[in-house]
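S.K.: coords below, sequence missing:
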């Protein structure tokens, strides 16, 4: 029986699939950064919701990748966690 990482690595041998997977990396990075920031502050989605006025269900959708946040929304989330939002362009 293989685990998920073995399966994923096998599937990523397909160049087209790998290109699509790699194209999603920035989105996954933002999602993970939001989750990591919230957890580092020791707050729940509900607490973040109360601080931002953003519905807890919407925060859940953002963290699950089922919604695309605007920069304004990301700024609200960062501010509610006592953080600043930093977006940068870096060379490939």
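M.R.: That came through fine. Model, not experiment: these values are computed from the prediction.
S.K.: pLDDT weak spots in this structure?
M.R.: Low-confidence segments of the chain, defined by pLDDT under 70, are located at 1.
S.K.: Not counting its neighbours along the chain, what's nearest the residue nearest the centre of it?
M.R.: Compute the mean C-alpha point of the chain, and by CA atoms, centre = their mean the closest residue is residue 31, 0.2 Å away. Among residues not flanking residue 31 along the chain, residue 65 sits closest, at 5.4 Å (CB to CB, 6 or more residues apart in numbering). In short, each C-beta sits where N, CA and C put it, glycine included.
S.K.: I'd say that neighbour and residue 27 touch.
M.R.: Yes: in this structure, residue 65 sits in contact with residue 27. The criterion is CB atoms under 8 Å, and the distance is 6.8 Å.
S.K.: List of residues touching the helix ranked longest in the chain?
M.R.: Using DSSP state H to define each element, the chain has its longest helix at helix 25-40. The set of residues that contact helix 25-40 without belonging to it, under CB atoms under 8 Å, 6 or more residues apart in numbering, is 44-45, 48, 62-65, 68-69, 74, 77-78, 81, 83.
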